[in-house]
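Colleague: Below: sequence and its predicted model.
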Amino acid sequence: MVGPGGRSPATQKYPPDAHAKGATCLAGAGRSPRSIQSVFATFRAIWNHARNTGFVQVQCPTKGVALPKVNNERKRYLTRAEADALLTELTERSPHA
């Protein structure tokens, strides 16, 4: 594939912050942190394959881009049986409470 000016897109010079701006753009478009990480992981995999096959010789340009953190917190409520088992265990361990 040949890009503008007859050069391969993989050998063109990109601004140092181009990929960081891409992550910001994805976040601004309402994409979740996990989706942004997935996009960058896919890009890295493709780039690494291209480097391993000799298509490019430089390190992946996304290296060092700060990606958003994924919030894995989830709310979980005890079932009635779990709550009863917890209360029973608590009264056995601490009868004066």
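Modeller: Arrived safely.

Colleague: mind listing the strands in this protein by residue range?
Modeller: Taking DSSP state E as the criterion, the chain carries no strands.

Colleague: Helices along the protein, start to end?
Modeller: Listed in chain order, the helices of the chain (DSSP state H) span residues 18-28, 33-52, 80-93.

Colleague: So which of those helices is nearest A66?
Modeller: In terms of C-beta to C-beta, the element of those nearest to A66 is helix 18-28, at 7.2 Å. Every residue, glycine included, has its C-beta placed from N, CA and C.

Colleague: and the gap between V56 and Y77?
Modeller: 50 Å (C-beta to C-beta, to the nearest Å).

Colleague: confidence score at the residue most central in space within the chain?
Modeller: With distances taken as C-alpha atoms, centre = their mean, Q37 lies nearest the centre of the chain, 2.3 Å away. For Q37, the pLDDT comes out at 85.

Colleague: contacting residues around it?
Modeller: Contact analysis of Q37 by C-beta atoms under 8 Å, 6 or more residues apart in numbering lists 67-68, 70.

Colleague: just curious, which of the residues you listed is nearest to A29?
Modeller: Within the contacts of Q37, proximity to A29 (C-beta to C-beta) peaks at P68, which comes in at 12.8 Å.
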